[in-house]
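Student: predicted model and sequence below, questions to follow.
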Amino acid sequence: MNQSRILVVDDEPQIQRFLKPSLSAAGYEVVEAGTGAEALKAVATQAPDLIILDLGLPDMDGKEVIASLRGWSDIPILILSARDRESEKIAALDLGADDYVEKPFGIGELTARIRTALRHRGRRDAIPAISEIDGLTIDPIKRLVSRDGEIVHLTPKEYDLLLLLSRHAGRVVTHKTLLTSVWGPAHGDDLHYLRVFIGQLRQKIERDPTQPRIVRTEPGVGYRMAETE
């Protein structure tokens, strides 16, 4: 059984009533908070391993909670919200949220996202490791990429883009994060530029670039690399 502690931050009683038994049945310890202030206090006093956070809280916007936490904590934050505007998702992810799930949601999808976020946290401080995804191997120490044993020749920017996505495998990485991390702050809005490079990268690493399995598009938000094997 997984003994990770999850803080559920939501002011809807029906969500809390549904999530607590569902997550407890999955082996998680559940702590609850109904406001942003309660959430911040619980992180400091209860030491949860992950936060499930609604953006619409009665005392502050959930994005304020993310911004406050990211000043001193790297705890995984999974957004669970009825807000479906792309701008809201992008803002939350750019502030430091790890992933998002829209309401209404399925518990199977939610627990899968929880497992991914917790695995990622466990790897954050690890020595860079070789990643293998659908026959693609990424060796960050040797800076080599191969597909089924054959070397894949990438440009420096293509490699940096692939490596950044691989380090966040299973998580959404926004357009802005990719652009500013790989090309610098001046290119934060060059979405067409990013699409061109993603297209080039897929031509080199995907078995079928028209149906990518490794680098997947999150429409209007960014890209998500498949989980490593």
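Tutor: Everything's here; your move.
Student: in the lengthiest helix in the chain, what's buried?
Tutor: If you go by DSSP state H, the chain has its longest helix at helix 107-123. Residues Leu110, Thr111, Arg113, Ile114, Arg115, Thr116, Ala117, Leu118, His120, Arg121 are the ones in helix 107-123 that count as buried (16 or more other Cβ atoms under 10 Å). Every C-beta, even on glycine, is put in place using the N, C-alpha and C of the backbone.
Student: how close does the residue sitting nearest the centre point of the chain get to Pro13?
Tutor: Residue closest to the average C-alpha location in the chain (Cα atoms, centre = their mean): Arg171, at 2.9 Å. Noted for Arg171: a distance of 30 Å to Pro13, by Cβ to Cβ, to the nearest Å.
Student: picking up where we left off before, and the residue nearest to the centre of the chain, what is it in contact with?
Tutor: With contact set as Cβ atoms under 8 Å, 6 or more residues apart in numbering, Arg171 has these partners: Asp98, Asp99, Thr116, Ala117, His120, Arg224.
Student: gap between it and Glu227?
Tutor: 10 Å.
Student: overlap in contacts of these two?
Tutor: Joint contacts of Arg171 and Glu227 (Cβ under 8 Å, 6+ apart) are Thr116.
Student: give me the distance between the residue of the chain most remote from its centre and Thr137.
Tutor: Distance from the centre of the chain peaks at Glu150, with 29.7 Å (Cα atoms, centre = their mean). Using Cβ to Cβ, Glu150 is found at 10 Å from Thr137.
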